[in-house]
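Asker: Sequence and predicted structure below; questions after.
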Amino acid sequence: MAQDTIWNTVSVAEAWRPLLSPDERVAILLPSDIVPVADLVAGVCEYLDLAHIRAYPFATGISSWDRLEAMWRTFRPTTVFVAPGVALQFTRVLAQRDQLEDIGGSVSKLMLLGEVNTPPFRRRLAQWWQSAAYDASYGSTETGTLAATCLDGYQHLLPAATYFELDTGREVVPLEGEGTGRLVSTPLNAYGRPLLRLDTGDEVSVRQDCSCGSTAPVVTVHGRASDGLLVRGAPLSVRSVEEVVYGSTDATGYLLEVDKSGDYARLLLERGFRTDREGESTARDLVQQRSEELLGLRWDSVVFVNSLPTNTKSGASQKSWKRSNIRQMEAA
Ligand SMILES: [Zn+2]
């Protein structure tokens, strides 16, 4: 087991090395319990000899937003590893306290991991923090880390750690050059938990020739086929919904409410930083208009709320979009 963990840590550390300078100060806002995603990042920091601190704000009795803010002022982190939901909540808290600019001042990189995060979400977060936002890694507990971000913001597969194949729907073929299909992985360094040919269930596209110069294949993960959702006959994906939500509003979170038949759908948006309600009806109109353009659907209603349930925010490795951002309602 220890050997497996070390292999994975070193493989990821080498992939992230170009992003992390030796004088980096790293804050790790990820859980260590049950889903020990913070442990990998801490291991990478130890291996690369970087100053780091773990501070998962939902660790009741240890961290809190106040304590996090106090730590921030002395440690002045330059890179933050954070779950997307936690990033949203932390941003909200700081903005409400009017501290975002001050606290965010030291940060140049946000490294998102542990949950699905999309390009429109990262663009919005980067704008709020005035820093770069990366989708840091891709993988699971079973497979280990399969890909890691490069400096140019693309994810590269780690072919030294895993043998990759693509299931095209007709056959499973070795991954060579370009291709599209479901990613199949065989870890090469798993001794404690040997695993043969796991179908990850994720639809991916693979290509070569990244602008960063790395020769490892670039992977774009489109998500699970089972994570798609049919609402009023329109197929919704996390990517397309977030293009609407984070692309056209400053909401700090969202929840889709759909009934079992998929006929009724309501979009709840969490009020951003502004407390005034002016402009919300304009924002609602814009969301409806963008939804028609991008999703091919009009919501029964678009509603702004003050806050959303914590399970959309705690970043506790809710890898399933359906579990964190979609609520199925019983018919009234
Ligand atoms: Zn690259």
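Answerer: Good, I have the coordinates.
Asker: so which strand or helix has the residue most central in space within the chain?
Answerer: Most central in the chain under CA atoms, centre = their mean is Asn117, positioned 3.1 Å from the mean C-alpha point. Using DSSP states H and E, Asn117 sits in no helix or strand.
Asker: now the residue nearest to it when sequence neighbours are not counted: how far from the ion?
Answerer: Among residues not flanking Asn117 along the chain, Pro84 sits closest, at 4.3 Å (CB to CB, 6 or more residues apart in numbering). For the C-beta atoms, the positions are set from N, CA and C on the backbone; glycine is no exception. According to CB to the ion, to the nearest Å, Pro84 and the ion sit 21 Å apart.
Asker: my read: Pro84 touches Leu112, true?
Answerer: Yes. Using CB atoms under 8 Å, Pro84 makes contact with Leu112 at a distance of 5.2 Å.
Asker: Any chance you could list residues touching both of these two?
Answerer: Residues touching both Pro84 and Leu112 (CB atoms under 8 Å, 6 or more residues apart in numbering): Leu125.
Asker: What residues does the stretch 1-150 of the chain have near the ion?
Answerer: Counting by CB under 5 Å from the ion, the stretch 1-150 of the chain comes close to the ion at Cys150.
Asker: Hmm, Thr74 and Arg25 touching each other?
Answerer: No. Between Arg25 and Thr74 there is no contact under CB under 8 Å: 10.4 Å.
Asker: which one of those two has more residues nearby?
Answerer: Neighbours per residue (other CB atoms under 10 Å) separate Arg25 from Thr74, with Arg25 holding more: 17 against 7.
Asker: Quick check: that one vs Ser64, distance?
Answerer: Computed as CB to CB, to the nearest Å, the Arg25 to Ser64 distance reads 21 Å.
Asker: Same check on Leu113?
Answerer: Note on Leu113: its distance to Ser64, by CB to CB, is 22 Å.
Asker: Those two: who's more crowded?
Answerer: Neighbours per residue (other CB under 10 Å) separate Leu113 from Ser64, with Leu113 holding more: 25 against 14.
Asker: Show me where the stretch 51-200 of the chain has its strands.
Answerer: For the stretch 51-200 of the chain, applying DSSP state E, counting those that start in this stretch gives strands covering 51-54, 79-82, 109-112, 132-135, 137-140, 144-149, 155-157, 162-167, 172-174, 179-187, 198-207.
Asker: just the ones you listed: most buried one?
Answerer: Comparing the strands of the stretch 51-200 of the chain on average neighbours per residue, with mean count of other CB atoms under 10 Å, the densest one is strand 79-82 at a mean of 28.
Asker: CA-only coordinates of it, as PDB, when you get a sec.
Answerer: The C-alpha coordinates for strand 79-82 follow below in PDB (Å, rounded to 0.1, in the frame of the first residue of the first chain):
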ATOM      1  CA  THR A  79      -1.100  28.500  -4.400                       C
ATOM      2  CA  VAL A  80      -4.400  27.100  -3.100                       C
ATOM      3  CA  PHE A  81      -5.500  23.500  -3.600                       C
ATOM      4  CA  VAL A  82      -9.200  23.500  -3.100                       C
END
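Asker: That one packs against which elements?
Answerer: strand 25-29, strand 109-112 (3 or more CB pairs under 8 Å, 6 or more residues apart in numbering; DSSP states H and E).
Asker: quick revisit: Ser137 is in contact with the residue nearest to the centre of the chain, correct?
Answerer: No. Applying CB under 8 Å, one finds Asn117 not in contact with Ser137, separated by 11.1 Å.
Asker: How much space separates Tyr134 from the ion?
Answerer: 11 Å.
Asker: which residue sits closest to that residue, ignoring its sequence neighbours?
Answerer: Thr149 (4.4 Å).
Asker: Contact partners for the one you found?
Answerer: Here Thr149 is in contact with 15-16, 19, 111, 134-137, 155-156 (CB under 8 Å, 6+ apart).
Asker: quick one: which of those residues is nearest Val35?
Answerer: Ser137 (13.8 Å; CB to CB).
Asker: what's near enough to touch that closest one?
Answerer: Counted by CB under 8 Å, 6+ apart, Ser137 has contacts 12, 113, 145, 147-149, 155.
Asker: What's opposite it in the beta bridge?
Answerer: Ala148 (DSSP bridges).
Asker: picking that back up, Serialize the contacts of Ser137 to CSV and add fields for pLDDT.
Answerer: Below are the contacts of Ser137 laid out as CSV (pLDDT from 0 to 100):
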residue, pLDDT
Val12, 94
Leu113, 90
Thr145, 91
Ala147, 96
Ala148, 96
Thr149, 97
Gln155, 95
